[in-house]
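In: have a look; sequence and predicted model below, questions after that.
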Amino acid sequence: MFQRQLKFQLVQIFLLIFNLNCSNIHFLSIKDFQKEKLKYRFSFFIFRKAAVVKIKFKKIGNNTYMAELNGKTCGIIGLFTAFRKDKYVSFMKYDEKLKRFIPIKFIKKTQINKKTRESEYFFDFEHGWIKKVIKKFKNGKLIKRKEYVIFLNSLCDDYLTAIYNFRMGVYGFPEKNNEVMIKVFPEKRKKNRFIRIFLIKKYKDKFLLKAKIFKDIVKTKRDEIEGVIDTKMVPLEGILPGVPIFGDIKAYIMR
């Protein structure tokens with residue numbers, strides 16, 4: 001009897017601590033995403049507005065959604081980088097049983113001057129594979145194309161789908177001494193790839209997080225980024241430490 005009471009009390013204490021840690025976090029829903037448009041400016045050294053990134057989300061069909069990220073270098077930095085443009089587009093569906101987004105197609109596109117590189121990922125989790133198509137263009141003309149199939153044995157996300165799933169609480173939230181691991185789409189040589197998110201510091205209404213990433217997202221000195229997110233799961237600012245040539249780059253939300 002005593003052991004049962006003790007066990008019950010320990011469970012209550014654990015739940016109380018868990019609720020104290022997470023009660024002020026407001027995970028979002030699909031309706032919240034459809035209302036928002038996020039815009040960030042990136043700066044480093046004396047350059048206050050080196051680049052601008054815009055993110056939007058919308059419904060495009062029956063239970064089908066699209067998230068789009070567009071980035072462009074600006075000003076003097078734009079001149080030195082040929083006004084580089086980066087674009088991510090994710091097509092996804094919402095699974096009612098799993099309560100999460102499932103990626104259907106992901107596009108990653110980079111344009112520098114007259115050259116464009118585009119990668120397309122087609123997800124087929126029913127048959128256990130992802131097809132990747134790589135295209136290179138010059139002056140708008142296709143000069144190279146190749147494709148291959150990667151076989152997989154479990155569900156994974158693309159980068160934009162992962163962001164929205166994280167903000168909905170699909171993976172939970174990182175607590176002290178614990179991490180959140182997000183499985184993202186494999187590449188040809190690395191079939192198991194995870195983004196790891198850690199809690200660095202907790203403020204009254206904000207959280208400082210660190211994420212271990214991959215070079216194909218952003219190449220940094222330590223392959224990681226840091227960011228501040230509020231209790232409403234809105235990313236407010238971030239830092240990319242040790243980007244080659246540029247050094248530390250900081251991002252700030254634009255209201």
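Out: Arrived safely, thanks for sending. Numbering: from 1, shown residues only.

In: show me where the stretch 1-150 of the chain has helices.
Out: For the stretch 1-150 of the chain, the helices defined by DSSP state H, counting those that start in this stretch occupy 2-22, 30-35, 75-80.

In: now the last one: average pLDDT?
Out: Averaging the model's pLDDT scores along helix 75-80 yields 84.

In: show me what it is packed against.
Out: Applying 3 or more C-beta pairs under 8 Å, 6 or more residues apart in numbering; DSSP states H and E, we find helix 75-80 packed against strand 47-61. Placement of C-beta: from N, CA and C, glycine included.

In: mind listing the strands for this protein?
Out: 37-44, 47-61, 64-73, 85-95, 100-112, 115-124, 129-138, 141-151, 179-184, 193-202, 206-212, 224-230, 235-243, 247-253 (DSSP state E).

In: mean pLDDT lowest where, among the helices of the stretch 1-150 of the chain?
Out: helix 2-22 (a mean of 40).

In: so, low pLDDT: which residues of this structure?
Out: 1-23, 189 (pLDDT under 70).

In: may I have the phi/psi pair for the nearest residue to F125 once chain neighbours are set aside?
Out: Leaving aside its sequence neighbours, F125 sits nearest to L155 (C-beta to C-beta, 6 or more residues apart in numbering; 5.9 Å). Main-chain torsions, L155, degrees, to the nearest 10: phi -70, psi 140.

In: how near is L155 to D86?
Out: 26 Å (C-beta to C-beta, to the nearest Å).

In: before we move on, what about K141?
Out: For K141, the distance to D86 - C-beta to C-beta - is 21 Å.

In: these two: which is more packed in?
Out: Just comparing K141 and D86: by other C-beta atoms under 10 Å the higher neighbour count belongs to D86, 17 against 9.

In: the closest residue to the more buried one other than its chain neighbours: neighbour count?
Out: Sequence neighbours aside, G71 is the residue nearest to D86 in space, at 4.4 Å (criterion: C-beta to C-beta, 6+ apart). Using other C-beta under 10 Å, G71 is surrounded by 17 other residues.

In: ok, now which ones touch G71?
Out: A51, V52, V53, K54, K85, D86, K87 (C-beta atoms under 8 Å, 6 or more residues apart in numbering).

In: repeat that with 6 Å
Out: G71 makes contact with A51, V53, D86 under the criterion C-beta atoms under 6 Å, 6 or more residues apart in numbering.

In: with F151 instead?
Out: G128, W129.

In: try it again with 10 Å
Out: Counting by C-beta atoms under 10 Å, 6 or more residues apart in numbering, F151 touches H127, G128, W129, I130, P186, K191.

In: contact partners for R222?
Out: Here R222 is in contact with K210, K212, I213, P241, G242 (C-beta under 10 Å, 6+ apart).

In: try K212
Out: So K212 contacts E179, M181, F194, I195, R196, I197, F198, R222, D223, E224, I225 (C-beta under 10 Å, 6+ apart).

In: next: I253.
Out: Counted by C-beta under 10 Å, 6+ apart, I253 has contacts L38, K39, Y40, R41, V228, D230, V234, P235, L236, E237, G238.

In: many thanks, have a good one.
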